[in-house]
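J.: Task: produce atomic coordinates for the following.
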Amino acid sequence: MFKKKRAIKILEKELESITYPNPVILTSLRNTIKKYFGETSIEYKNILRINQKQDIAIFIEGCIQSIKNNGITNEQKNFLFSISNTWLGILIPIIIGGIFSIGLFFGQQQKNIDDIKLEQDYDKLFKEYNRLKDSLISSSNHNTQNISKEEHQHRNPIDTNTTNHR
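T.: Model prediction:
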């Protein structure tokens, strides 16, 4: 209903502005007819042939009457054509910004997950490193003690023999 009233208002302005047919008026009128009736409509085909002021006035009045009786007959194939340029100018940056923000959010989440996994792997490796280090140290100490006992045992008989000989 809103489009119907808007189309009638636009055509009435076109009708009032006609003083003589000139290319600017005809182009504006053709674009209006194309928008509200479509390129395949009879109205659009007729506007391409009109050149005289009387014909233009009669034609516009006929278009207004047609809209009042039948409504707007242009079947728009794409919903983007029904959105004004102003709204497109507002919506496109918002949509692009939203997509970018969502990408950043999920990218940051994935980075956080990777950091947590890396930290857990580091903790496991560090614990394993400490366990192996402690194991090597205790093994080394044990071997050192065994070597000391063996040396001590080897020295004692010699020392005992030496003292017996004296």
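
J.: where in the chain is pLDDT low?
T.: Within the chain, the stretches with pLDDT under 70 are 1-2, 19-22, 51-54, 73-82, 142-166.

J.: Let's verify the residue sitting nearest the centre point of the chain: helix, strand, or coil?
T.: Closest to where the C-alpha atoms of the chain average out (Cα atoms, centre = their mean) is Ile99, at 2.5 Å. Under DSSP: H, G, I helix; E, B strand; the rest coil, the three-state class of Ile99 is helix.

J.: quick check: domain ranges of this protein?
T.: 2-82, 89-155 (automatic domain parsing).

J.: for the longest one, the distance to its chain's centre please.
T.: Pointing back at domain 2-82 there. Offset of domain 2-82 from its chain centre (Cα atoms, centre = their mean, to the nearest Å): 39 Å.

J.: now stretch 123-141
T.: Per Cα atoms, centre = their mean, the centroid offset for stretch 123-141 relative to its chain is 49 Å.

J.: what's the most buried one of the domains of the chain?
T.: Most buried of these, by mean neighbour count (mean count of other Cβ atoms under 10 Å): domain 2-82, with a mean of 14. For every residue, glycine as well, the C-beta is placed using N, CA and C.

J.: Check which helices and strands the host helix or strand of Lys5 sits against.
T.: If you go by DSSP states H and E, Lys5 is part of helix 2-17. Other helices and strands packing on helix 2-17, by 3 or more Cβ pairs under 8 Å, 6 or more residues apart in numbering; DSSP states H and E, are helix 23-37, helix 53-70.

J.: What is the neighbour count of Asn85?
T.: 7 (other Cβ atoms under 10 Å).

J.: That one and Lys13, how far apart?
T.: 19 Å (Cβ to Cβ, to the nearest Å).

J.: Kindly report the same for Asp55.
T.: In terms of Cβ to Cβ, Asp55 sits 18 Å off from Lys13.

J.: Check the secondary structure at Ile95 for me.
T.: helix.

J.: any idea how far Gln109 is from it?
T.: From Ile95 across to Gln109, the span is 21 Å (Cβ to Cβ).

J.: what do you get for Ser139?
T.: From Ser139 to Gln109 the distance is 45 Å (Cβ to Cβ).

J.: nearest to Leu132, of the helices and strands packed on helix 2-17?
T.: With Cβ to Cβ, the closest approach to Leu132 among these belongs to helix 23-37: 79.2 Å.

J.: Much appreciated, bye for now.
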